[in-house]
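Novice: Predicted model and sequence follow; I will ask about them next.
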Amino acid sequence: MIPVILAWTLSCAEYHGAVQRLYQDPYFQQPEYREERRSIHELFKTKTWPECLETEA
């Protein structure tokens, strides 16, 4: 059996769209979920290309 490695990446447009939706989501806008939102954002950063992060302020 051939092992399957699951890997995924986000294009710049996908990354920025996912981050925008994350911060607009009413659930994650609640103060008690701020840390979870930050963790998900950090995960997204690891799944996109470095040049996609250069446009963040």
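Specialist: Structure's in. What do you need?
Novice: what residue lies at the spatial centre of the chain?
Specialist: F44 (2.4 Å; Cα atoms, centre = their mean).
Novice: check contacts around that residue.
Specialist: L10, Y15, A18, V19, L22 (Cβ atoms under 8 Å, 6 or more residues apart in numbering). No exception for glycine: its C-beta is placed from N, CA and C like everyone else's.
Novice: Distance of the second one relative to Q24?
Specialist: With distances taken as Cβ to Cβ, to the nearest Å, Y15 is found 15 Å from Q24.
Novice: So which of those two has more stuff around it?
Specialist: Between Y15 and Q24, Y15 has the larger neighbour count (other Cβ atoms under 10 Å), namely 21 against 9.
Novice: That one: what secondary structure?
Specialist: Secondary structure state of Y15, per DSSP: H, G, I helix; E, B strand; the rest coil, is helix.
Novice: quick one: it and E54, what's the gap?
Specialist: The value you get for Y15 to E54, if Cβ to Cβ is used, is 12 Å.
Novice: show me where this protein has helices.
Specialist: 12-24, 26-29, 34-46, 50-53 (DSSP state H).
Novice: could I get the ones you listed as JSON lines with mean pLDDT?
Specialist: Shown next, in JSON lines, are those (pLDDT from 0 to 100):
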{"stretch": "helix 12-24", "mean pLDDT": "96"}
{"stretch": "helix 26-29", "mean pLDDT": "96"}
{"stretch": "helix 34-46", "mean pLDDT": "96"}
{"stretch": "helix 50-53", "mean pLDDT": "93"}
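Novice: Closest one of the contacts of F44 to E35?
Specialist: Nearest to E35 among the contacts of F44: L22, at 13.1 Å, using Cβ to Cβ.
Novice: mind checking how far A18 is from E42?
Specialist: 12 Å.
Novice: Could you check which of the two is surrounded by more residues?
Specialist: A18 (17 against 9).
Novice: Do I have it right that the more buried one meets T9?
Specialist: No. Taking contacts as Cβ atoms under 8 Å, A18 lies outside contact range of T9: 11.8 Å.
Novice: pLDDT value on E54, please?
Specialist: For E54, the model assigns a pLDDT of 83.
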